[in-house]
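1. any chance you could fold what I've pasted below:
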Amino acid sequence: MIYRDKILSMEKEKRIDVQFTTNIFVYTPESWAKIADEIALIDSTAFGGGVPLERVRDNFSHPNFEDPSLLTVLLYSKLGLVIGYSQAEQSWTKVSARIVRTAIAPEYRGRGLVGNLMNRMETELKSRGVTTLNRKVRTEGGYADAIRRHYKDKIIADYTDDIHPMTERLFVIKL
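-> Residues are numbered from 1 along each chain as shown. So this is what the prediction gives:
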């Protein structure tokens, strides 16, 4: 976490023009070890709900990245800090996928960076033959509305699964 604080401090103090890049994550135990703490921190702030960081880190200590149906895209700041990620899982039919998780570090939210992640994700999924994307999103904070605005007429279905009808929406999107 000291590394993360140092990078954030450099970006703020030097007023570095923050540029963002995305990369497909290729899992190896070594590559995972390099980013695991960053992913756990991002995930705990996005989804933790008060869960201690150590527990989130433990949950990520044995990732399912070896599964070829799982695709992970990482978002990096100009200085190489992992500041977000998105994961998708192809269905058994291989023509559809679902977004498993997407999260951005709190310091970088509100800049439209989810779009950067999703553009890269969609490009890669299309290259793998995926034609539809399933996405469950929270309605709080206007996220479901942002999905509607972004995808517009590419949305095939917009519904609730009745598990969390007041707080979540499910979208089926044509790629």
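
2. just the CA atoms of the helix or strand containing Arg148, as PDB, please.
-> Assigned by DSSP states H and E, Arg148 belongs to helix 143-151. C-alpha atoms of helix 143-151 as PDB (Å, rounded to 0.1, in the frame of the first residue of the first chain):
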ATOM      1  CA  TYR A 143     -24.800   3.300 -12.800                       C
ATOM      2  CA  ALA A 144     -27.700   1.500 -14.500                       C
ATOM      3  CA  ASP A 145     -28.700   4.800 -16.200                       C
ATOM      4  CA  ALA A 146     -25.100   5.200 -17.400                       C
ATOM      5  CA  ILE A 147     -25.300   1.800 -19.000                       C
ATOM      6  CA  ARG A 148     -28.500   2.700 -20.700                       C
ATOM      7  CA  ARG A 149     -27.000   6.000 -22.100                       C
ATOM      8  CA  HIS A 150     -23.800   4.300 -23.200                       C
ATOM      9  CA  TYR A 151     -25.200   1.300 -25.000                       C
END
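
3. next SSE after that helix?
-> Criterion used, DSSP H and E; the element after helix 143-151 is strand 155-159.

4. show me what the helix holding Arg148 is packed up against.
-> Applying 3 or more Cβ pairs under 8 Å, 6 or more residues apart in numbering; DSSP states H and E, one finds that helix 143-151 contacts strand 132-138, strand 155-159, strand 168-174. Where you see a C-beta, it was placed from the backbone N, CA and C, and this is true even at glycine.

5. how about a cut-off of 6 Å?
-> Helix 143-151 sits against strand 132-138, strand 168-174, with contacts defined as 3 or more Cβ pairs under 6 Å, 6 or more residues apart in numbering; DSSP states H and E.

6. mind putting the ones you listed into a markdown table with mean pLDDT and mean neighbour count?
-> Shown next, in a markdown table, are those (pLDDT from 0 to 100; neighbours: other Cβ atoms under 10 Å):
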| stretch | mean pLDDT | mean neighbour count |
| --- | --- | --- |
| strand 132-138 | 92 | 18 |
| strand 168-174 | 95 | 17 |
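
7. can I get the ones you listed in TSV with distance to Ser77?
-> Output for the helices and strands packed on helix 143-151, formatted as TSV (distance: least, Cβ to Cβ, whole Å):
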stretch	distance to Ser77
strand 132-138	24
strand 168-174	28
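
8. so which of those comes closest to Val100?
-> Nearest to Val100 among these is strand 132-138 (9.5 Å), distances taken as Cβ to Cβ.

9. can you list the strands that the closest one pairs with?
-> Here strand 132-138 is paired, per DSSP bridges, with strand 96-104 (parallel), strand 168-174 (antiparallel).

10. ok, residues contacting it?
-> Identification of contacts with strand 132-138 by Cβ atoms under 6 Å, 6 or more residues apart in numbering yields 96-99, 143-144, 147, 168-175.
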